[in-house]
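# starting from these lines, generate the structure:
(2 chains)
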Amino acid sequence: MASVVKSSPTTKKRETAESMAARQKEIAVSEFFAKNRHLLGFDNPRKALLTTVKEAVDNSLDACEEAGILPNVTVIIEDLQPDRPATAKQSRYRVTVIDNGPGIVRKQVENVFGRLLFGSKFHRLKMSRGQQGIGISAAGMYGLITTGKPMVIHTRPNAKKPAHHIELAMNTKTNRAEVTVDEETEDFPPRRFKTINTGTRDPGFLNPEDYITGTSVSIELVGRYQKGRGSVDEFLELTAIANPHARITFVPPSRVSADEDEDGPLGDAQKDATPAQALTQEAAHTPAPGAEAPNDIDPTITTIEKDGVIFFPRGTDQLPPETREIQPHPKGIEFGILLQMLKDYEAHNKTGTLYNFLQERFSRVSSSKAAEFCRGIGVHTRTKCSDITPQQAEKLFKLFEEAKLPNPPTDCLAPIGIRQLQAGLLKGVKAEFYAAETREPAVYRGRPFLVEAAIAYGGELPADQPARVIRFANRVPLLFQQSACSSFKACTETSWRNYNLSQPRGSLPVGPLVIMIHLASVWVPFTSESKEAIADYDEIRKEMKLALMVCGRKLGTYLRKRQKMKREAARRDVFERYIGEIAKAINAINGTDAVKLYDALLAEARKRTAIADAELDEEGRMVKKDEHEDLKDDESVVLVESRAAHLQEAAGDTSAEPEAPSNGDLVKLSSRSRKPKRKAKRDRDVE
Amino acid sequence: MAKKKSTTATADRVNKRIRSRDKETLTKIVKLADHVATSAFKGRDINIAIPTRTRSNTIWNRKRGILQMGDAKATRELFNLNQAKQFMQTMLHSNSIKELIEAEKTLSLRGMFYKGLHTIQGTRDEKTFTSQDESDAILEDLEVSLGALREELHVYAKKRGTMVGNITIIDSGDEIDCRRMGSGGYAVPSITEPDVIQFKKCEADFVLHVEKDTVWGRFNEDRFWEKHNCILTEGSGQPPRGVRRLLRRLNEELGLPIYCLLDCDPWGHYIYSVIKQGSISLAFESERLAIPDAKFIGIRAKDYEECKLSDDVQIALSDTDRKRANEILNYPWFRDNKAWKKEINHMLSNGFKMEVESLITKDISYVTEEYVPTRLKKKDWLD
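Numbers count the residues shown, from 1 in each chain, chains lettered A, B, ... in the order given. Next up, the predicted model:
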């Protein structure tokens, strides 16, 4: 990637190899990406704004977690042209992201922010959000290209020393930063931001005690701020779901850009806008006090929007478990890489033996395995790496493929966890049924990965639209290129019909369903540098499908049970509905006491449906101790009964005014309480 | 004066008979209600038995030449999801009928639908009946399960059918001379039982029954009934119970032969079959509706050649027509009749059907002046 050779187009005068050679030169990676900025997610003003926020937030969260700090991240978007005409499709914004991470030492600032492909994360195998070292520098570059303004960085790596204030602009020709301002300052976090609006004047906002160390990055750029699908709002909302340990504060710009249809990285953005909107709006609901919630999760924690500041509170004080960096697994490398690794090892340690190399530079190669490999290619355990011939290396590579090795270690992966996934969904999606599943780690190309899935069903979700898929990779929400993503394929390939959902052939299931998929890996295989979709590896897709199937089965159980309850309720209801009429008619014909007759008939109806209740279900088990009870005991499932409104309606109480749903009461499904409650009402009807 | 007196006396006598019949019906309804109440108090299954009105429960009485209803009964249960509503509707209509009898009034089928119609108590908007069809079916159920005729339930259908001819009748005390009915004819009421209609004076030799009023109009305009001294009736397609009962009485009480002039298609054939043997759905009424010696004088499949009709009158048989024709061929009362088998097969091999009106292509009055008189003279009919 570092050097791209350009061939010149044919001109009238024939070229010679020499004349062509004169124009052949190395291209700086920054130049390449400046021209191809869509590869990095800067295709249009709207996406550019989002990508800038995303890259900065990813970096902040990564930095905090590595340093073991609970992240406080503040995102501020200032509209620099608030008086622009309403028809303006874009505007100038200043995006500032402030974190309480460890800060950046002075001499690395230029490299981190002013060079593409410079970073700590590329050469290692460790689960992190950033991977390549492109993101934030590219955002700065985009800002520079569109506004000519340099990046402004405040960073305080040491709480006892002043912060650095640096302004730098990248020279795209050389892929190096040019510093314009470099001074020390006590102004961290920058006090300027306290005066944006009423909300920011609050003492809790950017409280210096929360930002003892940290970094603040400001980038001026041309962009467009809009709500809805693929917006900054959605990104932060989803980030909050996947990172319950982070506290995120967002100051949106004062104006939202006018709606434009043609700006569509998502062809169906307009159509899909509703659920996304619902997500942001409904996030602010407040559950009733005293509601029972799953352990460790405080359901009262919700998004708060006040005085122009949106606040995503911290859901847990536990940082995700620290992840280890791992060595590559022998099964996950290619031959060329093996040669390169040998060379690197040689350079690093002139006298290093193959035996040691195998143990040090690979995971899951024990001393006996290493000895076995050495014997296999016919060398001694004391043979130096430098003495290995290419033929021997090739043989070694073959042995790698055939060898029986344990899977790579998995402590390098930190799942979000079932509880946290549910907490996130409960907060953001108003459904009645939630199920989550964390799979055991698996391996693709020698790299460990882990899939988590969660689904939310019913409640207030739109019933006649395809399911909404929320995708995460290493806790970063993926907002674009859904259909190119492995997770999307996993969703469409899962047979949702088995779980009582309708699903058009080869597409997403249709119904009130939200599907959430998280892929955690030491190296997430994205389809492009803009990190929008996960490449379609069979191993990954298989794990995703398995996770979805586990959730789907639970949903299927719930839906089957619900259908059954509906059926039985309908049955009883049918009888009860007509009994009153019958009693009255018979009373009119032969003078039988209507009330007595009604009671006799009602008792009989109850008896009959009670027998039906105890009958065997479709799978031949007794309904009494049923699957539903199993669901109650399943901690990966949360049911919110009050939102299962259609169930109550189906229970047929057509006469009753619908019960006002007590808001958000989380119930681990309290038995079948709704059945026998209608008697009193019925009795009144028959005089 | 004397005449009037006698009619009143007849009416009184008739009323008396009605009252005794009504009493019977009332007893039956109360018994039904008692049965339901007792079952409920004793915790028995709550159901009512309703004879089934299907092809499988229809018996072909070869000796008498009529269709009769078998003994098969279906139970209508309250505690059965598919029957609960019908059960309730049956009870509602039983009550309505009781009220009608007590008030000495009658209602049309449509009227009964409205009589029973209300929102079920305790529901937002569920109605007791969603359509008149539901109500009609329940009334037929009640007829068979109570063993009472529709008129005994004080319910009547919309009237249909026309009569004209050399006969004087008394309808509800009014004397009607069917020779002087103008171009419209006498509208046959839906109830033509002896207590409603009495025959006063009849000179006619036979009855000609035609399928629809257009054909009837042709015959009436040509004064066919005058020239041939007969009675001319029409049933607007499948004749309603009133017309069938009237025909039966003309045949039975006055000894008049009945001749039918119907289309040459499966529906025409079935109309004839209904007049002659009774219908499947009203098999329980065959006893008083069927006319085993009714004759079918046309249109015949052979008429296309015999009358030298033009190609234009052919109406191709549709798949439904063929299916229906084969169904009719398989009814026992057709299967055993060689002439009819031949007739239907002839029509099928022709591949087309013909309406009575097709004869108009020969001449406007061909059917009244030529076709029917010839057939009658030659006794060329199907039996």
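# number of nearby residues for the residue nearest to residue B:301 when sequence neighbours are not counted?
Using Cβ to Cβ, 6 or more residues apart in numbering or on different chains and skipping the chain neighbours, the partner closest in space to residue B:301 is residue B:346 (3.8 Å). All C-beta spots, glycine's among them, are computed from the backbone N, C-alpha and C. Neighbour count for residue B:346, taken as other Cβ atoms under 10 Å in any protein chain shown: 14.
# what does residue A:394 give?
Neighbour count for residue A:394, taken as other Cβ under 10 Å: 14.
# which pLDDT value goes with residue A:313?
What the model reports as pLDDT for residue A:313 is 83.
# equivalent analysis for the one 4 residues further on, please.
At residue A:317, the pLDDT value in this model is 80.
# also residue A:283?
Reported pLDDT for residue A:283: 37.
# repeat for the one 5 residues further on
Predicted confidence (pLDDT) for residue A:288: 34.
# what distance do you get for the spatially closest residue to residue B:310 that is not a sequence neighbour to chain A?
Distances taken as Cβ to Cβ, 6+ apart place residue B:361 nearest to residue B:310, at 5.6 Å, with adjacent residues excluded. Note on residue B:361: its distance to chain A, by Cβ to the nearest Cβ, to the nearest Å, is 57 Å.
# contacting residues for whichever residue of the stretch 201-350 of chain B sits closest to chain A?
Here the stretch 201-350 of chain B gets closest to chain A at one residue, residue B:284, 23.2 Å apart by Cβ to the nearest Cβ. Neighbouring residues of residue B:284 by Cβ atoms under 8 Å, 6 or more residues apart in numbering or on different chains: B:51, B:53, B:68-69, B:143-144.
# for the stretch 301-450 of chain A, what spans make up the strands?
Taking DSSP state E, counting those that start in this stretch as the criterion, the stretch 301-450 of chain A carries its strands at A:304-306, A:309-312, A:433-438, A:442-444, A:447-457.
# how about the helix or strand hosting residue B:225: buried residues?
Per DSSP states H and E: residue B:225 is located in helix B:224-227. Judged by neighbour count using 16 or more other Cβ atoms under 10 Å in any protein chain shown, the buried positions of helix B:224-227 are B:224-225.
# and the contacts of that helix?
Helix B:224-227 is contacted by residues B:164-166, B:179, B:204, B:208, B:219, B:230-232, B:368, B:372 when judged by Cβ under 8 Å, 6+ apart.
# just stretch B:352-372 next, same as before
Contacts with stretch B:352-372, where a contact means Cβ under 8 Å, 6+ apart, come from B:208, B:210-212, B:214-215, B:218-219, B:222, B:224, B:259, B:261-266, B:297-299, B:303-304, B:307-310, B:312-317, B:321, B:347.
# what about residue A:587, neighbour count?
Look at residue A:587: counted by other Cβ under 10 Å, it has 21 neighbours.
# once you drop chain neighbours, what's closest to residue A:56?
Closest residue to residue A:56 apart from its sequence neighbours, by Cβ to Cβ, 6+ apart: residue A:97 at 3.7 Å.
# you'd agree that neighbour is in a strand?
Yes. With DSSP: H, G, I helix; E, B strand; the rest coil as the criterion, residue A:97 is assigned to a strand.
# that one and residue A:139, how far apart?
Distance of residue A:97 to residue A:139, computed by Cβ to Cβ, to the nearest Å: 10 Å.
# now swap in residue B:351 and tell me
82 Å.
# ok, back up a step: of the contacts of helix B:224-227, buried ones?
Here, 16+ other Cβ under 10 Å leaves B:164-166, B:204, B:208, B:219, B:230-232, B:368, B:372 buried among those.
# which of the residues you listed fall in strands?
The strands, defined by DSSP state E, take in B:164-165, B:208, B:230-232 from the buried ones among the contacts of helix B:224-227.
# for residue B:183, helix, strand, or coil?
Residue B:183 - assigned by three-state DSSP - is coil.
# for it, grab phi and psi.
For residue B:183, the backbone dihedrals are phi -90, psi -20 (criterion: degrees, to the nearest 10).
# got the domain ranges for chain B?
Residue ranges for the domains of chain B, per automatic domain parsing: B:2-44+B:78-156, B:162-378.
# one step back: and the helix or strand where the residue nearest to residue B:301 lies, what does it pack against?
If you go by DSSP H and E, residue B:346 is part of helix B:338-350. Contacts defined by 3 or more Cβ pairs under 8 Å, 6 or more residues apart in numbering or on different chains; DSSP states H and E place helix B:338-350 against helix B:266-277, helix B:319-330, helix B:332-335.
# for these, which one ends up most surrounded?
Per residue and on average, the most neighbours among these fall to helix B:266-277, with a mean of 22 (mean count of other Cβ atoms under 10 Å in any protein chain shown).
# what about it, average pLDDT?
On average, helix B:266-277 scores 91.
# for the residue of the stretch 151-300 of chain B at minimum distance from chain A, which non-adjacent residue is closest in space?
Using Cβ to the nearest Cβ, the single residue of the stretch 151-300 of chain B nearest to chain A is residue B:153, 13.8 Å away. Spatial nearest neighbour of residue B:153, chain neighbours left out: residue B:97 (4.9 Å); criterion: Cβ to Cβ, 6+ apart.
# that neighbour belongs to a strand?
No. Assigned with three-state DSSP, residue B:97 falls outside any strand and is helix.
# low-confidence ranges in the chain?
By default, I'm working from chain A. Along chain A, the model assigns pLDDT under 70 to residues A:1-12, A:117, A:119-125, A:131-133, A:257-302, A:610-635, A:641-687.
# chain B is the one I meant
For chain B, the stretches flagged by pLDDT under 70 are B:1-18.
# tell me the residues of it that contact chain A?
B:29-30, B:32-34, B:36-37, B:40-41, B:43, B:46, B:78-79, B:81, B:84-85, B:87-88, B:91-92, B:94-95, B:98-99, B:120-124, B:126, B:128 (Cβ under 8 Å from any Cβ of the partner chain).
# find the nearest non-adjacent residue to residue 135, please.
Going with chain A. Of all residues not flanking residue A:135 in the chain, residue A:55 sits nearest, at 3.4 Å (Cβ to Cβ, 6+ apart).
# meant chain B, my bad for not saying
Residue B:135's closest residue in space is residue B:113 (Cβ to Cβ, 6+ apart), at 4.0 Å.
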